[in-house]
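Engineer: When you get a sec, could you give me coordinates for this:
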Amino acid sequence: MNSEFYVGWGTLALINAGLAQGKNRSGLNWFLLSLLLGPIATFCVVIAGRR
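Structural biologist: Predicted coordinates for the structure are as follows:
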């Protein structure tokens, strides 16, 4: 695989961490979850409500 894929996946994980922190959730946990699940984690954090 090329390095662009990994850069994109890492960027998505950082974006998800920022979205999670904006909803008063743990950014680190969502970052790690995003590294594993990628776009699925993005969908989950977007539909999750605020705490």
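Engineer: Buried residues of the lengthiest helix in the chain, list them for me.
Structural biologist: Ranked by residue count and defined by DSSP state H, the top helix of the chain is helix 3-22. Neighbour counts over helix 3-22 (16 or more other C-beta atoms under 10 Å) mark 12-13, 16-17, 19-20 as buried. All C-beta spots, glycine's among them, are computed from the backbone N, C-alpha and C.
Engineer: how distant is that helix from the center of its chain?
Structural biologist: Relative to its chain's centre, helix 3-22 lies at 5 Å (C-alpha atoms, centre = their mean, to the nearest Å).
Engineer: helix or strand right after it?
Structural biologist: helix 27-37 (DSSP states H and E).
Engineer: Go ahead and flag the most central residue of this structure.
Structural biologist: Residue closest to the average C-alpha location in the chain (C-alpha atoms, centre = their mean): N16, at 2.7 Å.
Engineer: Local confidence estimate at M1?
Structural biologist: Note for M1: predicted pLDDT of 65.
Engineer: hang on, the earlier thing: does anything pack onto the longest helix of the chain? Which helices or strands?
Structural biologist: helix 27-37, helix 39-47 (3 or more C-beta pairs under 8 Å, 6 or more residues apart in numbering; DSSP states H and E).
Engineer: hang on, the earlier thing: for the buried residues of helix 3-22, give me TSV that also has distance to L33 and pLDDT.
Structural biologist: Shown next, in TSV, are the buried residues of helix 3-22 (distance: C-beta to C-beta, whole Å; pLDDT from 0 to 100):
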residue	distance to L33	pLDDT
L12	11	95
A13	8	96
N16	8	95
A17	9	95
L19	12	93
A20	9	94
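Engineer: now those residues in TSV, with distance to N29?
Structural biologist: Shown next, in TSV, are those (distance: C-beta to C-beta, whole Å):
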residue	distance to N29
L12	15
A13	11
N16	10
A17	9
L19	13
A20	8
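Engineer: quick one: which of those residues is nearest V46?
Structural biologist: Of all the buried residues of helix 3-22, V46 sits closest to L19, with 6.9 Å by C-beta to C-beta.
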